[in-house]
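J.: here are the coordinates; sequence isn't available:
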């Protein structure tokens, strides 16, 4: 069994505005075995981290690993092998930015998950909802207003983020099929979206009865529902229907944020995607109608962070980037740090995200029994959070499941 002993490690995990005192961390196999002021081991390879910071592997709780194109309608038409190759490249780049776990919010299948576990190419841990559920004319229905092509009920391409279902029976069946196929949770499109052509932002997706049906199916399987949401009205309705994971939330108001706290919800803001969609989206094939929607949610995003923090609503880290914009994944740290304390921003990508994924004590922390997913940072990100950007340039070492995927320590 391979073992490593990290010495003089100052830990930053988002639980404190200061680094810890130097400690030793013993890794055996894929598990952190011990964390203590001093550890003796005759078999472990010793690594001195004096002057550096040790962090848990980062968690991005809102990605689309199959979205190799910004134009999601065109992405859905790509052959599965091309989507697979691009997805592995996207995931590999995420890992080299320090993201050792990602939660996919629509598109990745259990087959792709199995491929990541079997392939020799390193990828982050992948948490999936399968295909997101959408109503006809909702988010992920990429047919234009004059396109009456019947939507498929089965055999969805890997490049398609979602599947369309209408009425309570179809919603139940779709949720059950995704859960049967290995989804860790269910995703519903409960509001209008930017990337789809016929649903303005204010549109509400699904009836209350349909949303409640999805929640019941998820709860029957011991899991939860995440919902795509922008407007305050849609967020409030989703909370009242039992939805747990609130994605985006740009237009949330204080009273709804308080209601979310009372119901034990977690939000996942994704501000970087709107900042980049408006600038890079047109050149990358995002339709003009979609570009026009961006500002309606982008400008309110920063205020939403303050509203949710003031209410005490936990916020996990999310990015929701598409196509060539995936390279901006780490810039969400800098955007949030304009409004929030740095250690709280880091917490969003460590223990808060771990709680959302129901993997507390396993990811997002450096404690005995957790997975040995860790990154070494050359400097203190509590003082300069930009150290977590630049495609991992300030991360001389990245470990996933006890194995180095990057080791440049001197």
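T.: Happy to help now that I have it. What you are looking at is a predicted structure, and each value in this text was computed from that prediction instead of being measured. Numbers count the residues shown, from 1 in each chain.
J.: residues near residue 299, how many?
T.: Residue 299 is flanked by 11 other residues according to other C-beta atoms under 10 Å. C-betas here are computed from N, CA, C, even on glycine.
J.: how far away is it from residue 136?
T.: Using C-beta to C-beta, to the nearest Å, we find residue 299 at a distance of 30 Å from residue 136.
J.: distance between the ends of stretch 250-270?
T.: Using C-alpha to C-alpha, to the nearest Å, the gap from the first to the last residue of stretch 250-270 comes to 9 Å.
J.: Rounded mean pLDDT for that stretch, please.
T.: This predicted structure assigns stretch 250-270 an average pLDDT of 97.
J.: Now do residue 119: how many residues are near it, please.
T.: Other residues near residue 119 number 11, with proximity taken as other C-beta under 10 Å.
J.: Could you pull up the residues touching it?
T.: Listed by C-beta atoms under 8 Å, 6 or more residues apart in numbering, the contact partners of residue 119 are residue 88.
J.: What are the phi and psi values at it?
T.: Here the main-chain torsion angles of residue 119 (degrees, to the nearest 10) amount to phi -70, psi 160.
J.: now it: how far from residue 262?
T.: On the measure of C-beta to C-beta, residue 119 and residue 262 end up 43 Å apart.
J.: Can you name the residues that contact residue 206?
T.: Counted by C-beta under 8 Å, 6+ apart, residue 206 has contacts 133, 135, 138, 171, 188, 189, 190, 214.
J.: In helices only, show me those.
T.: Among those, the ones falling in helices (DSSP state H) are 171, 214.
J.: Quick one, which of the contacts of residue 206 are buried?
T.: Judged by neighbour count, with 16 or more other C-beta atoms under 10 Å as the criterion, the buried members of the contacts of residue 206 are 133, 135, 138, 171, 188, 189, 190, 214.
J.: So which of these sits lowest on pLDDT?
T.: Going through those one by one, the lowest pLDDT turns up at residue 138, 90.
J.: can you tell me how far the nearest residue to it once chain neighbours are set aside sits from residue 135?
T.: With C-beta to C-beta, 6 or more residues apart in numbering as the measure, residue 205 is the residue that lies nearest to residue 138, at 4.5 Å, once sequence neighbours are left out. In this structure, residue 205 lies at 6 Å from residue 135, with C-beta to C-beta as the measure.
J.: And the strands in the stretch 301-410 of the chain?
T.: Ranges of strands within the stretch 301-410 of the chain are 374-377, 397-400, 403-407, based on DSSP state E, counting those that start in this stretch.
J.: Pick the most deeply packed of those.
T.: Highest mean neighbour count among the strands of the stretch 301-410 of the chain (mean count of other C-beta atoms under 10 Å): strand 374-377, with a mean of 25.
J.: For burial, what's the neighbour tally of residue 33?
T.: 18.
J.: Can you tell me the SS state at it?
T.: With DSSP: H, G, I helix; E, B strand; the rest coil as the basis, residue 33 sits in strand.
J.: nearest residue to it other than its sequence neighbours?
T.: The shortest distance from residue 33 to any non-neighbouring residue, by C-beta to C-beta, 6+ apart, is to residue 26 (4.7 Å).
J.: I figured that neighbour hits residue 41, correct?
T.: Yes. Shown here, residue 26 and residue 41 form a contact pair, counting by C-beta atoms under 8 Å, at 6.0 Å.
J.: returning to that earlier point: could you dump the strands of the stretch 301-410 of the chain into JSON lines with mean pLDDT added?
T.: Converted to JSON lines, the strands of the stretch 301-410 of the chain look like this (pLDDT from 0 to 100):
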{"stretch": "strand 374-377", "mean pLDDT": "98"}
{"stretch": "strand 397-400", "mean pLDDT": "98"}
{"stretch": "strand 403-407", "mean pLDDT": "98"}
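J.: For residue 101, which of these is the nearest?
T.: Counting by C-beta to C-beta, residue 101 lies closest to strand 397-400 out of the strands of the stretch 301-410 of the chain; the figure is 9.0 Å.
J.: partners of the closest one in the sheet?
T.: Using DSSP bridges, the neighbouring strands of strand 397-400 in the sheet come out as strand 374-377 (antiparallel), strand 403-407 (antiparallel).
J.: residues near the residue nearest to residue 111 when sequence neighbours are not counted, how many?
T.: Counting by C-beta to C-beta, 6+ apart, residue 111 lies nearest to residue 158, which is 7.8 Å off, once chain neighbours are set aside. Using other C-beta under 10 Å, residue 158 has 22 other residues around it.
J.: ok, now residue 201?
T.: Using other C-beta under 10 Å, the number of residues around residue 201 comes to 17.
J.: Spell out which helix or strand contains residue 120, please.
T.: Here residue 120 sits in a region with no helix or strand, counting by DSSP states H and E.
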